[in-house]
Each structure stands twice: as structure tokens, then as C-alpha cells.
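[1] Pasting a predicted model and its sequence here:
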Amino acid sequence: MTTMQTSAANHAKRIASIDILRGLVMLFMLVDHVRERYFYHQQVGDPMDVDVTSPQLFFTRMSAHFCAPVFVFLTGLSAWLYSHPANKPARSATPFLFKRGLFIIFIEIAVINWLWMGTYDTLWLQVMWAIGVSMVVLSVLCHLPAKLILALGLLIVCGHNLLSPVSFAPGETGYTLWAILHDRGFIFTSEAFRIKASYPVLPWIGVILLGYSMGPVFSRNVASPQRKKVLLGLALSMWGVLLVLRGFNIYGEDMPWETQATAIQTAMDFINFTKYPPSLDFVLLTLGGAFLVLFALDTVNNKFTQVIESFGSAPMFFYIVHLFMLLVSYNLVLDLAGPNYGDLFAFDYVWQVWLVAAFMAVVLYFPTKAFSRFKHNSTNPLVKYF
């Protein structure tokens, strides 16, 4: 194999590692969404209440905390790769980011909200909304100098916790904008319809900027050992900073940790971070973990990772179809078996959530793989958005 062929092969594996990581967190997302449907009688807060949340439920929910940061970060990383294609001249990512961002926002409003709720009395602006808005913002900011993009991303991610004392009451000037940017809340209410910004977008804009800044590390000009050194260094550095900030309750999380009744509860409290908006500690934990996975997967290519990669190569398709399956299956089970927890049908044990998620993953693997292949071969630009 020539040097050029070896470089191209390594580059393809690096791209695969991105889809494998995305596929992994999508499977964790599936588990969490099964929990939302079939274990909703035991709701969890943000952060979670370790006094009433079992370790099984806590860590099940905790696994899903990696989803949104990885989705948003990889969106920024993929945008850089799009604008710097291998063996081709650089191109602007602005048109693609802007149109795809608006498309994702439209899908959130027109499709995802109904698949979650089955009604339109309330519009919940959730993770797809945050990704779409972040892409639209990145479509403008990607023209800034690379160092400025990185600095802005770091400033937002590291500094937004300083904004926590800032708040506005409903109806007060600035409330709607601040609810969208930093404090989740209802931004429109009437007797027939409400809109709630569930995912404050400012911190996610910072995360997508960091993802875009990470793009050069995954260029074909960076050798695997050098890239792995960067990934491992970032992961260990982020977790080192987290241990200091969290260990001494210095900064990065509004809810300080305390020694609990048991060792496992103390550990739970230590890693119990705010997601809405994502605190600095939340981002340090999740992205640090993501970098470790990318480090481990950099040159991995086997049958198992190829299966996981299939889920990450068609994320929009998987997202829509799995929500549809959960909506239909839950209503069918509720009609046939009836409620067993108040008005809800729910599982008795957390392991049942994982079992159903595993079954759904097997069922969804084949159509997701088929759609991924179809998307890869299609020349329809709308298909590429999925």
C-alpha cells in the first residue's frame, strides 16, 4: 500500500470513529428514552435527588448525560470536516449549516414534538432545537479566525456559570431572550397553547464552537499517534480540572456536593451535575469521556464497531423512528394492559428498561443500516439532511 493509500485509509478510520462515538451515545439515548416512556412514575430531577433516586436509576439517567454534549460537539467537528474535505479545496460551511440548522428546528417543531407528546398543546424546544440554533449561529461565526472561535467557545463554556445569578421574572423585559439563552422556561403561554425553551442554547453554542475548533486534529494531515496524544491529553486534563473544581466546590456547578449516608451515594452526589443549562462540570465530565472514547477508537475497525457505526451514520432517521416506535408501543401496551401506576403503565425494575432498549436496538439496526446506505448513495440533497 502506498503512503497516500495508507493516509486515506487512516483518514477513513478517523471518520468512522466519529460515527462510532455518535452511535454509542445514540444507544444510551435510546435507553433514556425508554426510561422516559416506561419508567416515568419515578421521575428524576436536574440535578437528580440522590436521597430518593436508586443507584440503578441514577446511573441509567447519568449515561444519557453524554448524549447532548457529544451530539453538539460532533456537529461542530463534522462542520469543520465538511468545509475542509480531503483532497479537495476548502469550502464554506455556511450554506449547509444555516439550511440544515433551520431544517432541524423545523423537524423539532413539526415532527419530534408530536412524537414525544402525541399532542400540540405545548411545544417543547429540546435538544434538536438547541442543535439547530447552534448550527445557525456557527454558520455565521465559522468565518472568524480559528483562534477567536476557540476563545469564544472556551469563554462561553467556562464562563456561563457566572451568569447563574442573572434571572428575569415572566413578563419582565429580557425574560424571553434569557429563557432561550440561559434559563429554561415558558416563553409563550395562552389558554390553548404554550411554548417552553427546555434546552437553553448559549452553552451549546459554546460546545459547537469547541467542536469546530477540534476539526484540524481530525484532518488527514495529522498522524494517528499525534492525534491520540492530543485526545488523551485533553481527556485527562479536563477530568483533572474537574476533580479540582468539584472536589473543593470551587466553581463550575451551582449544586455543591456533600458526604452522603453511603459511599455510592457520595459518589453519585459528586458527579451529579446540572444539565439545563449544562454546567462547566457537566461539560468537563462528558466531553472528557468522549475524548477518551475517540482516543480508544482511533484505529479500531471490527464487526462490533461497524454495527455501532451504523447507528451513528443515520442519526436523524434513527431519532425519528425510535421515537415513533416508543409512542406507538407505549399507547398499545397502555390500551391492552391498562395503567399500573396511577394513569401510567410502567416497569417495576430498571433492568427492564435496558432489556427493552436492547430489543429495540436490534430491531432498528437493519432499517437504520439500510437507510444509511441509501443516504450515502443518494444524490437528493434533502436525503442528506437525515
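    Everything's here; your move. On a predicted model such as this, the values are computed, not experimentally measured, just so you know.
[2] all contacts plus neighbour counts: C-alpha atoms, from now on.
    OK.
[3] quick one: least confident helix or strand in the chain?
    Using mean pLDDT, DSSP states H and E, the weakest-scoring helix or strand in the chain turns out to be helix 381-384, at a mean of 73.
[4] Which positions within that helix qualify as buried?
    residue 384 (16 or more other CA atoms under 10 Å).
[5] how much space between residue 17 and residue 384?
    Counting by CA to CA, to the nearest Å, the gap from residue 17 to residue 384 is 20 Å.
[6] Okay, helices next: where are they in the stretch 101-250 of the chain?
    113-117, 127-141, 146-159, 175-181, 202-213, 224-247 (DSSP state H, counting those that start in this stretch).
[7] Those helices: lowest mean pLDDT?
    If you rank these by mean pLDDT, helix 113-117 sits at the bottom with a mean of 90.
[8] Double-check residue 211 against residue 70; I have them as touching.
    No. Applying CA atoms under 8 Å as the test, residue 211 and residue 70 come out as separate, 9.1 Å apart.
[9] which of the helices of the stretch 101-250 of the chain is buried the deepest?
    helix 202-213 (a mean of 27; mean count of other CA atoms under 10 Å).
[10] which helices and strands does that helix pack with?
    For helix 202-213, the elements it packs on are helix 67-83, helix 127-141, helix 146-159, judged by 3 or more CA pairs under 8 Å, 6 or more residues apart in numbering; DSSP states H and E.
[11] what's in contact with that helix?
    Helix 202-213 is contacted by residues 69, 72-80, 130-131, 133-135, 137-138, 146, 149-150, 152-157, 160, 181-182, 277-278 when judged by CA atoms under 8 Å, 6 or more residues apart in numbering.
[12] which one is residue 340 nearest to, not counting chain neighbours?
    residue 346 (6.7 Å; CA to CA, 6 or more residues apart in numbering).
[13] Could I get the phi/psi values of that neighbour?
    Per-residue torsions, residue 346: phi -150, psi 150 (degrees, to the nearest 10).
[14] Pull up the gap between it and residue 155, please.
    According to CA to CA, residue 346 and residue 155 sit 43 Å apart.
[15] again, but for residue 305
    Applying CA to CA, the value for residue 305 to residue 155 is 35 Å.
[16] same thing with residue 173?
    From residue 173 to residue 155 the distance is 25 Å (CA to CA).
[17] go on, residue 313?
    According to CA to CA, residue 313 stands 31 Å off from residue 155.
[18] Spit out the contact partners of residue 276.
    Residues near residue 276 by CA under 8 Å, 6+ apart: 46, 183, 184, 198, 199, 200.
[19] same thing but at 10 Å, please
    46, 47, 182, 183, 184, 198, 199, 200, 201, 203 (CA atoms under 10 Å, 6 or more residues apart in numbering).
[20] And residue 159, by the same measure?
    Residue 159 makes contacts with 153, 203, 206, 251, 252, 279, 280, as judged by CA under 10 Å, 6+ apart.
[21] Tell me the one among those residues nearest to residue 95.
    Residue 95 lies nearest to residue 206 out of the contacts of residue 159, by CA to CA, at 20.2 Å.
[22] Once you drop chain neighbours, what's closest to the closest one?
    In this structure, residue 206 finds its nearest non-sequential neighbour in residue 153, 4.1 Å apart by CA to CA, 6+ apart.
[23] From what I see, residue 252 and residue 271 are in contact.
    No. Using CA atoms under 10 Å, residue 252 makes no contact with residue 271, being 11.9 Å away.
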